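J.: Here is a sequence with its predicted model. Questions after.
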Amino acid sequence: MKYFLPNLSRLYVSMVICLIILCNSCAAKSKDLISRNPFDLYGSTIEFDVFRKGTKVGFHNVTFSGSPSNFWVTTRFDLEIKVLFFRAYAFKYFSKANWKDGVLSQINVVVDDDGEPFLLEGVRETEEIMIKSTKSNYRAQLPLFPTNHWNAGVLNQKVVLNTLTGELNQVEIIAKGIETLSSEHGEIKGQRYSYTGDLDTDVWYDEMGRWVGMEFKGRDSSSIKYVCKLCFSLKDQN
């Protein structure tokens, strides 16, 4: 900067300074959005219908309880695929996580993957969280975001806790643009973010930082799509 600044015009310098101020302002605004508590964003519940090839195959519900500084997040995901009216595949997921002062403090996960069980438990120990699962045990640095998606703070992370495998996944989350999504609220605008690296998932958040959509590939490479049934605070729907 010291080599070129003397040759810049006053107008150009002013534009640069204004741009810096504007960017800092936008960053602060973004931080404010993702640091809001879930009760402000969603009320007490998030509900998605889950579709495969245009057919509803399940649901994904999230409930919040407690206070803004110490709350619990309970997640249930249930999927069933039928072929000729017979169940061909079933998946059930349950997790309960405790967040204190914006940091993950405890998490428990139970998965039934078509009869194959998986368990995970995480407990905070000072600045780390101890993860014990069916597959491995290890310590991880905090803050750490699990792949529950309701918290847009994950967008700033390079490592996430995969609650289906118990592994730490290295990711880069890339903004792809604003898109129009269908929902039971009607059409809604959502910023699309693509997970790359160890995960391959697309997630949408609205301008308030609320989770409003998701899409990923199933084991058979079919597209699994989430459609918002209830993803706003009730007071925001009027």
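T.: Perfect, I can see it now. Residues are numbered from 1 along each chain as shown.

J.: Verify the stated contact: residue 170 with residue 198.
T.: Yes - at 5.2 Å, residue 170 and residue 198 qualify as touching, with contact defined as C-beta atoms under 8 Å. All C-beta spots, glycine's among them, are computed from the backbone N, C-alpha and C.

J.: more crowded one of the two?
T.: residue 198 (15 against 12; other C-beta atoms under 10 Å).

J.: Give me the below-cutoff pLDDT ranges for the chain.
T.: Low-confidence segments of the chain (pLDDT under 70): 1-36, 233-238.

J.: most centrally placed residue in it?
T.: Taking C-alpha atoms, centre = their mean as the criterion, residue 149 is the residue nearest the geometric centre of the chain, at 1.6 Å.

J.: ok, now which ones touch it?
T.: Residues touching residue 149, when contacts are defined by C-beta atoms under 8 Å, 6 or more residues apart in numbering, comprise 203, 211, 214.

J.: out of the residues you listed, who's nearest residue 90?
T.: For these, the minimum distance to residue 90 (C-beta to C-beta) is 19.7 Å, reached by residue 214.

J.: where does residue 39 land in three-state SS?
T.: Taking DSSP: H, G, I helix; E, B strand; the rest coil as the rule, one finds residue 39 in the helix state.

J.: Does it touch residue 69 like I think?
T.: No - under the criterion of C-beta under 8 Å, residue 39 lies out of contact with residue 69, with a separation of 11.0 Å.

J.: the more surrounded of those two?
T.: Set residue 39 next to residue 69 and count neighbours by other C-beta under 10 Å: residue 39 wins out with 15 against 10.

J.: before we move on, back to that, just send the contacts of residue 149 back as TSV, with secondary structure, neighbour count and distance to residue 88 too.
T.: As requested, the contacts of residue 149 are arranged in TSV below (DSSP: H, G, I helix; E, B strand; the rest coil; neighbours: other C-beta atoms under 10 Å; distance: C-beta to C-beta, whole Å):
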residue	secondary structure	neighbour count	distance to residue 88
203	strand	23	27
211	strand	25	29
214	strand	19	22
